[in-house]
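S.K.: take a look and give me a structure for this.
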Amino acid sequence: MVDEKLIVQAGATLADAMKCISRGEKGFCLILQENRLIGLMTDGDVRRSILEGTKLSDPVDSVMKRDFFSLPVNTSLEIVQKNIDKYKYIPIINNTGELIDLATASQYHHIPLVKPVFDGNELEYVTDCIKSGWISSQGKYVRQFEEQFGHYVGCENTLAVSNGTVALHLALVTLGIGPGDEVIVPNMTFAAPVNAVLYVGATPVLVDVHPETMALDPELAAAAITTRTRAIIPVHLYGHPADMERLMNLAVRYNLLVIEDCAEALGSRYRSIHVGNFGDAATFSFFGNKTI
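M.R.: Okay, here's the model as predicted:
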């Protein structure tokens with residue numbers, strides 16, 4: 001969608017165009033006639049026209065550039081990227097000349113980590129939550145979330161906390177992990193598991209991941225176990241479950257605790273069982289780049 005602040009209609013005055021350029025803060029404005037893009041004007045065009053004697057009350061049609069660069073709506077991404085450095089802003093039009101979009105350099109150079117989708121009742125529920133006043137601790141939405149989430153993943157006991165790192169920290173404290181203990185953590189993961197281990201005064205032991213699962217390699221984990229090892233934190237990275245059968249066998253054999261980091265694995269199952277149901281505790285995350 002094109003920002004309305006960038007658009008003036010044919011027949012507007014040069015003064016109107018100047019106001020549009022100021023509002024849009026892009027250094028130019030687009031001139032439309034019945035939704036068709038017929039011209040473009042930059043702040044430089046305005047200055048030059050005034051120096052040449054154009055009055056602010058004159059129509060913008062007499063000053064605008066009718067010969068401007070644009071691309072059709074079905075243009076490939078490769079072609080847009082090829083031209084975006086030169087033009088910075090490229091109008092995208094359909095076969096009748098209607099303005100459909102505006103390609104920008106930031107849009108095609110920046111690849112966002114995530115684009116959240118809010119196409120349901122989110123705004124309605126958030127508004128209701130704010131109106132209720134229960135926005136900082138408990139309330140019906142927190143309880144309802146815990147209940148429905150537990151039902152979905154198959155976990156009987158669930159507790160909502162502020163983020164996934166806090167969940168890991170709480171799980172470690174609850175299970176009695178502390179100074180002098182070692183906790184095996186995969187070396188390919190977000191920093192949260194390592195940080196949580198450090199928070200309780202324990203020592204994280206980094207172990208490589210298996211190339212097929214991108215999760216903790218059970219064989220390498222076995223080789224890293226010492227007399228101080230108390231727990232394992234398998235991370236189901238990118239939604240792919242770790243080899244929980246072998247890891248749980250390892251935990252039983254050496255009497256180790258298991259905390260599943262399911263931050264990226266909501267909806268993932270290992271042998272038809274939702275992740276998070278194998279170890280002594282499991283943590284999930286609902287940060288903006290997670291499943292929900």
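S.K.: list the contacts for the most centrally placed residue in the chain?
M.R.: The chain has Val114 as the residue nearest its centroid, 2.5 Å off, counting by CA atoms, centre = their mean. Neighbouring residues of Val114 by CB atoms under 8 Å, 6 or more residues apart in numbering: 288-289. For the C-beta atoms, the positions are set from N, CA and C on the backbone; glycine is no exception.
S.K.: now the phi/psi pair for it, please.
M.R.: phi -160, psi 150 (degrees, to the nearest 10).
S.K.: and the gap between it and Asn249?
M.R.: Val114 sits 36 Å away from Asn249, going by CB to CB, to the nearest Å.
S.K.: now do Cys262
M.R.: 20 Å.
S.K.: so which of these two has more stuff around it?
M.R.: Cys262 (28 against 13; other CB atoms under 10 Å).
S.K.: quick check: phi and psi on that one?
M.R.: Per-residue torsions, Cys262: phi -100, psi 30 (degrees, to the nearest 10).
S.K.: for it, give me its contacts.
M.R.: Cys262 sits next to 236, 268, 275-276, 282-284 when contact means CB under 8 Å, 6+ apart.
S.K.: now do 10 Å
M.R.: 153, 164, 167, 234-236, 239, 241, 268, 274-277, 279, 282-285, 290-291 (CB atoms under 10 Å, 6 or more residues apart in numbering).
S.K.: can you give me the buried ones in the helix or strand hosting Ser22?
M.R.: According to DSSP states H and E, Ser22 maps onto helix 14-24. Neighbour counts over helix 14-24 (16 or more other CB atoms under 10 Å) mark 14, 16-18, 20-21, 24 as buried.
S.K.: helices and strands around it, which ones?
M.R.: Applying 3 or more CB pairs under 10 Å, 6 or more residues apart in numbering; DSSP states H and E, we find helix 14-24 packed against strand 7-9, strand 28-33, strand 36-42, helix 43-51.
S.K.: let's see that with 6 Å instead.
M.R.: Packing contacts for helix 14-24, counted by 3 or more CB pairs under 6 Å, 6 or more residues apart in numbering; DSSP states H and E, involve strand 7-9, strand 28-33.
S.K.: using CSV, lay out these together with mean neighbour count and mean pLDDT.
M.R.: Below are the helices and strands packed on helix 14-24 laid out as CSV (neighbours: other CB atoms under 10 Å; pLDDT from 0 to 100):
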stretch, mean neighbour count, mean pLDDT
strand 7-9, 18, 91
strand 28-33, 22, 92
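S.K.: got JSON lines for those strands, with distance to Thr75 too?
M.R.: Below are the helices and strands packed on helix 14-24 laid out as JSON lines (distance: least, CB to CB, whole Å):
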{"stretch": "strand 7-9", "distance to Thr75": "21"}
{"stretch": "strand 28-33", "distance to Thr75": "18"}
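S.K.: contacting residues around Ile184?
M.R.: Taking CB atoms under 6 Å, 6 or more residues apart in numbering as the criterion, Ile184 is in contact with 205, 207, 221, 224, 232.
S.K.: show me where the stretch 1-150 of the chain has its helices.
M.R.: Secondary structure of the stretch 1-150 of the chain (DSSP state H, counting those that start in this stretch): helices at 14-24, 43-51, 77-87, 105-109, 122-132, 140-153.
S.K.: same check on the stretch 151-292 of the chain?
M.R.: Taking DSSP H, counting those that start in this stretch as the criterion, the stretch 151-292 of the chain contains helices spanning 164-174, 192-199, 218-223, 244-254.
S.K.: what's the burial count for the nearest residue to Lys88 once chain neighbours are set aside?
M.R.: Distances taken as CB to CB, 6 or more residues apart in numbering put Ala105 closest to Lys88, at 4.9 Å, once the chain neighbours are dropped. Counted with other CB under 10 Å, the neighbours of Ala105 add up to 15.
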